[in-house]
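> sequence and predicted model, in that order:
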Amino acid sequence: MDLGSRESIYQPEDASLIFPYAPKFKNFAEQRQHLKERLVAACRAFALEGFDYGFAGHLTVRDPEHPHLYWTNPMAVHFDQVKVSNLLLADHQGNVLEGKHALNRAGFVLHAAVHEKHQDIVAMCHAHTVYGTAFAALGKKLEPISQDAAAFYEDHIVLSEQAGQVAVEDQAGYNVAGSIPKVKGIIHKNHGLLTVSRHSIDAAAFWFIALERCCKQQMAVMATGVEPTLLSPEVARYSREHVGSEYIGWLHFQTIWNQLIAKQPDMFA
């Protein structure tokens, strides 16, 4: 399919129509502010989805000017209380270079290792969700039961490394990071879900929301006891190409962003 200069079939051919477009930046300061605002929005989106579980849950995005540093949410602050002013800037050694709060040890160990080992990954999301955590106990991949699930077809893995063991020792993070291939979704056995993006925090956050939703859908189907009809590999791959790209994840998140900026302006404080 010839898309011309468009990134997706969903992008209108008429550029005069209202449609989300990625911003362009004059300098690193502008880009950094943008990334911090989107990171906060991702945390607020997780709050809306009910992904909170005490202090568990870590979202990170790589700094655009200093790629060996990353921004993350503060320790023991609820997702709906995260704002630009309380974000943390940390290095791969767990040192907080900007911010007043502590850094979540488990979040640092895992996320820092992933960002350090995979220089192409710009953002990563993890939370202890109900359905994702339950589905992770099954140790199986999602089946292509729908267009939603097709977005993850051949683009997610089940990871057994450090399964169920809290990652608080440095080597644990590197063991997990070393086992991650080039996919966007990870079902970490006996632990939960992780998503990564080589595009944006927007995409990483949306695909986490989508992965949790797909786990819920598959468990609902499994509960019926009826064998589901699966998409063929050809159809699943075709659908993935049109509904599962990094760009589509970014585009989906723009609807959430618009809702948040209208209803939660305090996140920019």
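Great, that's in hand. Predicted model only: the values in this text are computed from it and were never measured. Numbering: from 1, shown residues only.

> now do Glu116 against Tyr174, distance only.
Glu116 is 8 Å from Tyr174, where distance means Cβ to Cβ, to the nearest Å. The way it works is simple: take the backbone N, C-alpha and C, and place the C-beta from them, glycine included.

> what of Gly139?
For Gly139, the distance to Tyr174 equals 22 Å [Cβ to Cβ].

> neighbour count: the two, which is higher?
Tyr174 (18 against 13; other Cβ atoms under 10 Å).

> skip the chain neighbours and tell me the closest residue to that one.
Nearest non-adjacent residue to Tyr174, counting by Cβ to Cβ, 6 or more residues apart in numbering: Ala113, 4.7 Å away.

> that neighbour reaches Glu161, doesn't it?
No - the criterion here is Cβ atoms under 8 Å, and Ala113 misses it with Glu161 at 11.4 Å.

> what sits in contact with each of these two?
The contact sets of Ala113 and Glu161 overlap at Val176 (Cβ atoms under 8 Å, 6 or more residues apart in numbering).

> please identify the buried residues of the longest helix seen in the chain?
Longest helix in the chain, counting residues (DSSP state H): helix 201-224. Buried residues in helix 201-224, defined by neighbour count with 16 or more other Cβ atoms under 10 Å: 201-218, 221.

> that older thread, next, count neighbours for the residue nearest to Tyr174.
Counted with other Cβ under 10 Å, Ala113 comes out at 22.

> start at 153 instead
Okay, residue one is now 153; in that scheme the one you just asked about reads as Ala265.

> how far away is it from Pro216?
21 Å.

> check contacts around the residue most central in space within the chain.
When Cα atoms, centre = their mean is applied to the chain, the residue found nearest the centroid is Ala356 (2.7 Å). Contacts for Ala356 were tallied using Cβ under 8 Å, 6+ apart; they are 194, 211, 213, 275-277, 336, 347-349, 401.

> so can I have JSON lines of these showing neighbour count?
Formatted as JSON lines, the contacts of Ala356 follow (neighbours: other Cβ atoms under 10 Å):
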{"residue": "Ala194", "neighbour count": "29"}
{"residue": "Leu211", "neighbour count": "28"}
{"residue": "Val213", "neighbour count": "27"}
{"residue": "Ala275", "neighbour count": "27"}
{"residue": "Met276", "neighbour count": "29"}
{"residue": "Cys277", "neighbour count": "30"}
{"residue": "Lys336", "neighbour count": "25"}
{"residue": "Thr347", "neighbour count": "27"}
{"residue": "Val348", "neighbour count": "27"}
{"residue": "Ser349", "neighbour count": "24"}
{"residue": "Gly401", "neighbour count": "25"}
